[in-house]
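>>> Can you look at this prediction? I've put the sequence above it.
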Amino acid sequence: MFSQRVPSDLRANRLSAAVAARKASGRPFIDLTLTNPTTAGIRYPENLLAPLGLDGGMRYAPEPFGLRSAREAVARDYARRGTRVAPERIVLTASTSEAYSLLFKLLCDPGDDVLIPVPSYPLFDHLSRLDAIQTGTYQLEYHGRWMVDLHSVDAGWTARTRAVLAVSPNNPTGSTLSGEEWMMLDQRCTERGAALIVDEVFADYPLATQDAAPPAPMSGALTFRLGGLSKSAGLPQVKLGWIAVSGPDTLVADALDRLEIVCDAYLSVATPVQLAAPELIERGADVRAAIVARIRSNWATLTTLAAGYPAVDALHADAGWSAVIRIPSTRPEEEVVLGLLDQDDVLVHPGYFFDFPHEAFLVVSLLPQPEQFASGLARVMERVHG
């Protein structure tokens, strides 16, 4: 009766079941998987969401790509990061997930494939399946920093590959594309007639003082760059994302003509949030600053603590809200994570959740309040150091 695009086995996995049981018991624990800034004790400006009540929100005047004023605000935000994008080349969406779905519809027929990085956040398989396309993978390898394995890009490429996805900064590795890596992916896409999709939602969150994501080189390939208020202003509940389109003028024009048809069929972005976008983007700077201070503080705590445990490595990261810890490979990750929850009252992610190539990785969020983060992390180190 039901589509095969939706998984048929809806049973919770062992870890999810354990977390649900723990919450039902009422026994508290430190959640080092927290990635929702609105519940992380981040201080938000007063009346930040007041612009959502502007009178113009009562008038419905749909635009497939979104209101001009909102697209201009997004263009100014790109300029803040050193990238020039014309408002005409910006497409508003309700979320980054929706942006992916729109692009899959634009670029792929059923059965076509896109290449995705691993390790990475476990979202792309679900989104691609819902749009009836396939995924291939390419590897990020760790050599003091996470790097794109270009041989695996070539090995994963098929006659039906329509796009390469890159996440920069990546979640959870925190790695960003170097200029050379970006150019090599761009070159492959240009030569093979595929598009390049770059998810930059964490670009505003460098863990050091330099920019996390330098301006991209000139694109020879049709390129789609994704962002949104969920991360840039810490407002996941407001539901506004965007796509910036670049590349050869003819390809960009053809893509926008077709994307307009797709967007016009959905018109998913609410008018109030589009009207509020200029002020939300501008005032979001205060939220960004608070989040940057939080993640840098917790990153410093992690690296300092890990230095005291020779068997544990806090792997290098450039940016983002997550960190990867490599632990001794003495027990399965799931056993370690379940033990931390049951015996130490701390929840972390196992590496297999993100398709790491082998066992012995844990992933923690850098968003929790500093006291809780330090306490929970100390328990993790004591448990896993061997």
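Right, received. Where do you want to start? The shown structure was predicted, so the numbers you read here are calculated from the model rather than taken from an experiment.
>>> The stretch 151-300 of the chain: strands as residue ranges?
Per DSSP state E, counting those that start in this stretch, the stretch 151-300 of the chain carries strands over the ranges 161-167, 195-199, 223-228, 241-246.
>>> want to throw these into TSV with mean neighbour count?
For every residue, glycine as well, the C-beta is placed using N, CA and C. Output for the strands of the stretch 151-300 of the chain, formatted as TSV (neighbours: other CB atoms under 10 Å):
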stretch	mean neighbour count
strand 161-167	24
strand 195-199	24
strand 223-228	26
strand 241-246	25
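>>> In TSV: those strands, plus distance to residue 344 and mean pLDDT.
Converted to TSV, these look like this (distance: least, CB to CB, whole Å; pLDDT from 0 to 100):
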stretch	distance to residue 344	mean pLDDT
strand 161-167	31	98
strand 195-199	33	98
strand 223-228	35	97
strand 241-246	37	98
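>>> Tell me which of those strands lies nearest to residue 66.
Counting by CB to CB, residue 66 lies closest to strand 241-246 out of the strands of the stretch 151-300 of the chain; the figure is 7.9 Å.
>>> Nearest to residue 98, out of the strands of the stretch 151-300 of the chain?
strand 241-246 (6.7 Å).
>>> what packs against that closest one?
Helices and strands touching strand 241-246, by 3 or more CB pairs under 8 Å, 6 or more residues apart in numbering; DSSP states H and E, are helix 68-80, strand 90-93, helix 96-107, strand 223-228, helix 249-266.
>>> Could I get the buried residue list for the first one?
Going back to what we said before, that points to helix 68-80. The neighbour-count check on helix 68-80 (16 or more other CB atoms under 10 Å) flags 70-71, 73-75, 77-78 as buried.
>>> quick check, nearest of those residues to residue 242?
residue 74 (5.0 Å).
>>> With pLDDT as added columns, please give the buried residues of helix 68-80 in TSV.
Formatted as TSV, the buried residues of helix 68-80 follow (pLDDT from 0 to 100):
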residue	pLDDT
70	97
71	98
73	98
74	98
75	98
77	96
78	95
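>>> Looking at these, which one is closest to residue 303?
Nearest to residue 303 among the buried residues of helix 68-80 is residue 77, at 30.3 Å by CB to CB.
>>> residues near the closest residue in space to that closest one that isn't next to it in sequence, how many?
Leaving aside its sequence neighbours, residue 77 sits nearest to residue 281 (CB to CB, 6 or more residues apart in numbering; 5.2 Å). When neighbours are counted by other CB atoms under 10 Å, residue 281 registers 20.
>>> Same question for residue 61.
7.
>>> just residue 200 next, same as before
26.
>>> Spell out which residues sit in contact with it, please.
168-169, 213, 225-227 (CB atoms under 8 Å, 6 or more residues apart in numbering).
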